[in-house]
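S.K.: I need the structure of the sequence given here:
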Amino acid sequence: MVIIGTKLTVVDNSGGKLAKCIVIKSKQKNATIGNLILVTLKIFFNKKKLEKRIIYLGLIIGVKYWIYRKDGLNIKFFFNSVLIFNKQFKFLGSRIYGILLKEVKMKNVKSKLHRTYFHKVIMFNSFL
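M.R.: You can find the predicted model right below:
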């Protein structure tokens, strides 16, 4: 689970390496896989595309917490991971390193707003 102040690893090729959660966009106190958060970058390499004091949107795709599915499968990641988007919901990378769980797809396909924005990321990268 991700709370305010959690450090997350960026798992795309946008140039960011480490991000910090500053706001959770849901009404809950903590965020899980598939939720949107606002992040700021702490460590990054691509200075043409990214800046230090800019707030970005982050889509959580992995947490260091057990995920229990109804079919009996339990999943846990070694680190908290996030994808970076800008304020207009444009994906800043072109590749995702690792897997994208079906929970991310199911949470974001339900809302019509997210379906249009995350279509490129969700539809072509779902594996498990």
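
S.K.: hey, where'd the strands end up in the chain?
M.R.: For the chain, the strands defined by DSSP state E cover 7-10, 16-24, 36-44, 55-62, 67-68, 74-75, 81-85.

S.K.: tell me what the last one is packed against?
M.R.: With contacts defined as 3 or more CB pairs under 8 Å, 6 or more residues apart in numbering; DSSP states H and E, strand 81-85 has these neighbours: strand 7-10, strand 16-24, strand 36-44, strand 55-62. From N, CA and C alone the C-beta is placed, and that goes for glycine too.

S.K.: how about these in TSV, adding mean neighbour count and mean pLDDT?
M.R.: TSV is the format used below for the helices and strands packed on strand 81-85 (neighbours: other CB atoms under 10 Å; pLDDT from 0 to 100):
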stretch	mean neighbour count	mean pLDDT
strand 7-10	21	96
strand 16-24	18	95
strand 36-44	19	93
strand 55-62	23	93
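
S.K.: With distance to residue 80 as new columns, can those be given to me in a markdown table?
M.R.: Below are the helices and strands packed on strand 81-85 laid out as a markdown table (distance: least, CB to CB, whole Å):
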| stretch | distance to residue 80 |
| --- | --- |
| strand 7-10 | 5 |
| strand 16-24 | 9 |
| strand 36-44 | 11 |
| strand 55-62 | 7 |
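
S.K.: Which one, of these, ends up nearest to residue 72?
M.R.: Closest of those to residue 72 is strand 55-62, at 20.1 Å (criterion: CB to CB).

S.K.: outside of that closest one, which residues touch it?
M.R.: Under the criterion CB atoms under 8 Å, 6 or more residues apart in numbering, residues 2, 8, 11, 19, 21-22, 31-41, 77, 79-87, 89, 92, 96, 98, 100-101, 104, 108, 118, 121 lie in contact with strand 55-62.
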